[in-house]
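J.: Dropping a prediction and its sequence here:
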Amino acid sequence: MIRTVPTKPYLDQKPGTSGLRKKVPVFQQEHYAENFIQSIFDALDGFKGKTLVIGGDGRFYNREVIQKAIAMAAANGFGKVMVGQGGILSTPAASHVIRKYKTFGGIILSASHNPGGPHEDFGIKYNAGNGGPAPEKLTDAIFAKTMAISSFKTADIDPIDIDTIGTVKAAGVTVEIIDPVADYAELMESLFDFDALRKLFKSGFRMRFDAMHAVTGPYAKEILENRLGAPNGTCRNFKPLPDFGGHHPDPNLVHAKHLYDEMMGADAPDFGAASDGDGDRNLIIGKGIFVTPSDSVAMLAANARLAPGYKDGLKGIARSMPTSGAADRVAEKLGIGIYETPTGWKFFGNLLDAGMATICGEESAGTGSNHVREKDGLWAVLLWLNILAARGESCKQVVTEHWAAYGRNYYSRHDYEEVESDRANALVDELRAKLGSLPGTNVRGLKIANADDFAYHDPVDGSTSEHQGIRVLFEGGSRVVFRLSGTGTSGATLRVYIERYEPDKARHDLDTQEALADLIAAADDIAGIKSHTGRNKPSVIT
Ligand code: VG1
Ligand code: CO
């Protein structure tokens, strides 16, 4: 039953910020998925007889690759695979299942916030036994294997019925189809005050959760409506679709604009939220107020003790470098550690495992804690709800009181999508070359205090990751950061992150883009964004 199949390397299988992402037709090339999966196994040691978790966000091609992965896990000697029913496991739920059942690791099939469908994106990532994304050392090893692969192992088995919960045996491996929601829902019940949340909804609190036709739908429906008693209809677009209904499952102000408009309307619900393709991101919009993800991390950290799971306080906070410094002020006040990591959740794993950080966050709408080793969209929503219930205040009150106490970090990210790779690289190269000459110069009346190419030294394992984003820091604490995305599948995406700290309470209700206008202009002066990209304005502003 077990076969060794000859194959040839594909030279483009380098994992990015979060796994390997390519267009579906790329993944559909002969042996493309098999090569990558075999390379994952080849880079790992000691899994004979152990358990592998397999799940995905339900996007187009998910079911096919799940069958391939099961057959290959069997042929490579895993003893058992656990598969989410229907091939579904959100990224945080997969992380939890890996941890709860002490499995060897897991394969998650997702391209996250990228669109899905026959001509859109697919992805594969590997999470280790701690439940977290493979660290760089491992993704580098996987990449090296993809470049040298000459064969893969698979088993000739009939397709497994992944829609029926239960256990079957095939080619010597035990295949358990599990309820994708149950373990995760139980974990949420252990962290949050579900009684208080039930009371909140009973009192007439109105919420809108938009699952964007992606994986969080079944989780949100079960937890918010079934367990917490939120009225039927609270969850919208909750059925995962292979093409996400033709939309981008990216919960930002462009792709979730309908939610934003509803939350700013006259009859807005009290609280609005959305999550992305694989359920690890969150968008939070209170009635009449959008909560910037960087602010959300800070506010969740500042109030976390109000939830039972965090009643003993936090060990530390970690944020990615481009994420605003709002969380730093909270850490300072709490007297706990603050860690600044490169973009991507894989860099938080060591800090969480070592007990140095409890809450982590990224400006890209990712927030999470030590309950799993991934960011977790619904977790962030439930923590917000728990805080609102405990404080008896509206989201807007919590936000404005936070700004009054800590000051406000005006923050925005400008994305220039699908820029020609050569042009984007030229911009970055030029910027890098002039970093040394920037300090001391003035741009748009702003004095540059420092400029560098961010390198991270992991305090736990001592590893170094270089070229993680170019920072230009101005006197007074404002900054602009430039980096190229590592999750796109066509051309290059330039991300420009802009931040200004404003301590003065009287200046806390400015329009964000206006409050940052001089910095936005300075970013263009410094990097020549318009001339390099040929674009007059960003594709997405968040
Ligand atoms: C983006 C975000 C990053 C996030 C990553 C994966 O990466 O900026 O913060 O961790 O996506 O998120 P990049 O390299 O494109 O900037 V998800 O929800 O797409 O897995
Ligand atoms: Co995601």
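T.: Thanks, I have it. Ligands and ions are numbered 1, 2, ... in the order given.
J.: Write out the residues of the stretch 201-350 of the chain neighbouring ligand 1.
T.: Residues of the stretch 201-350 of the chain lying close to ligand 1 by CB under 6 Å from any ligand atom are 276, 280, 281, 320, 343, 344, 345. Every C-beta, even on glycine, is put in place using the N, C-alpha and C of the backbone.
J.: cutoff 5 Å now
T.: Applying CB under 5 Å from any ligand atom, we find that the stretch 201-350 of the chain lies next to ligand 1 at 280, 281, 343, 344.
J.: Need the pLDDT of the second one.
T.: This points to residue 281. Here, the pLDDT recorded for residue 281 equals 97.
J.: Bridged to the residue nearest to residue 157 when sequence neighbours are not counted, which residues?
T.: Leaving aside its chain neighbours, residue 157 sits nearest to residue 170 (4.4 Å; criterion: CB to CB, 6 or more residues apart in numbering). Assessed by DSSP bridges, residue 170 has beta-bridge partners residue 173.
J.: just to revisit the earlier point, who wins for most neighbours among the residues of the stretch 201-350 of the chain next to ligand 1?
T.: Scoring those on neighbours with other CB atoms under 10 Å, the highest-scoring entry is residue 280 at 34 neighbours.
J.: Please list all residues in contact with it.
T.: 90, 91, 92, 112, 345, 366, 368, 374, 375, 376, 377 (CB atoms under 8 Å, 6 or more residues apart in numbering).
J.: doesn't residue 156 make contact with the residue nearest to residue 157?
T.: No - using CB atoms under 8 Å, residue 170 is not in contact with residue 156; the gap is 9.9 Å.
J.: Which one of these two is surrounded by more residues?
T.: Each of residue 170 and residue 156 has its neighbours counted (other CB under 10 Å); residue 170 has more, 18 against 12.
J.: List, one by one, the residues from the protein near ligand 1.
T.: Neighbours of ligand 1 within the chain, by CB under 5 Å from any ligand atom: 17-18, 112-113, 280-281, 343-344, 362, 364, 485-487.
J.: Turn those into a markdown table, columns for secondary structure.
T.: Below are the residues of the chain next to ligand 1 laid out as a markdown table (DSSP: H, G, I helix; E, B strand; the rest coil):
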| residue | secondary structure |
| --- | --- |
| 17 | coil |
| 18 | coil |
| 112 | coil |
| 113 | coil |
| 280 | coil |
| 281 | strand |
| 343 | coil |
| 344 | coil |
| 362 | strand |
| 364 | coil |
| 485 | coil |
| 486 | coil |
| 487 | coil |
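J.: Would you mind naming the helix or strand containing residue 160?
T.: Secondary structure assignment for residue 160, by DSSP states H and E: no helix or strand.
J.: Off-centre distance for stretch 208-227?
T.: Centroid separation between stretch 208-227 and its chain, computed with CA atoms, centre = their mean, to the nearest Å, is 18 Å.
J.: can it be found next to ligand 2?
T.: No - Stretch 208-227 is not in contact with ligand 2 by CB under 5 Å from the ion; minimum separation 8.9 Å.
J.: For that stretch, the averaged confidence score.
T.: 98.
J.: Can you get me the start-to-end distance on that stretch?
T.: 16 Å (CA to CA, to the nearest Å).
J.: Please apply the same query to stretch 92-106.
T.: 12 Å.
J.: try stretch 274-289
T.: By CA to CA, the extent of stretch 274-289 from end to end equals 15 Å.
J.: How far off centre is it?
T.: That offset, for stretch 274-289, works out to 12 Å (CA atoms, centre = their mean).
J.: Next, see if it gets close to ligand 2.
T.: Yes - judged by CB under 5 Å from the ion, stretch 274-289 comes into contact with ligand 2 at 276, 278, 280, 281.
J.: ok, how many other residues are close to residue 267?
T.: Per other CB under 10 Å, the neighbour tally for residue 267 reads 7.
J.: how about residue 100, phi and psi?
T.: phi -60, psi -40 (degrees, to the nearest 10).
J.: what about residue 74, which helix or strand?
T.: Following DSSP H and E, one finds residue 74 within helix 62-76.
J.: For whatever helix or strand comes next after that helix, give the mean pLDDT please.
T.: Using DSSP H and E, the helix or strand that follows helix 62-76 in sequence is strand 80-88. Mean per-residue pLDDT for strand 80-88: 98.
J.: Direction included, what does strand 80-88 pair against?
T.: Here, using DSSP bridges, strand 80-88 pairs with strand 51-56 (parallel), strand 173-178 (parallel).
J.: Now tell me what touches it from outside.
T.: For strand 80-88, contacts defined as CB under 8 Å, 6+ apart pick out 50-58, 62-63, 66, 69-70, 73-74, 93-94, 97, 101, 103, 109, 160, 162-165, 173-180, 215, 218, 240.
J.: and what of stretch 142-155?
T.: By CB under 8 Å, 6+ apart, stretch 142-155 touches 1-11, 13-15, 31, 34-40, 42-43, 68, 71-72, 74-76, 126, 134, 170-171, 173.
J.: and that stretch, C-alpha only, in PDB?
T.: The C-alpha coordinates for stretch 142-155 follow below in PDB (Å, rounded to 0.1, in the frame of the first residue of the first chain):
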ATOM      1  CA  ILE A 142      11.800  22.700   5.400                       C
ATOM      2  CA  PHE A 143      12.800  25.100   2.600                       C
ATOM      3  CA  ALA A 144      16.200  23.300   2.300                       C
ATOM      4  CA  LYS A 145      14.400  20.000   2.000                       C
ATOM      5  CA  THR A 146      12.100  21.300  -0.800                       C
ATOM      6  CA  MET A 147      15.200  22.300  -2.800                       C
ATOM      7  CA  ALA A 148      16.700  18.800  -2.700                       C
ATOM      8  CA  ILE A 149      13.600  16.500  -2.700                       C
ATOM      9  CA  SER A 150      13.700  13.500  -5.000                       C
ATOM     10  CA  SER A 151      10.800  11.400  -3.800                       C
ATOM     11  CA  PHE A 152       7.800  11.400  -1.400                       C
ATOM     12  CA  LYS A 153       6.000   8.600   0.400                       C
ATOM     13  CA  THR A 154       2.300   8.100   0.100                       C
ATOM     14  CA  ALA A 155      -0.200   5.300   0.800                       C
END
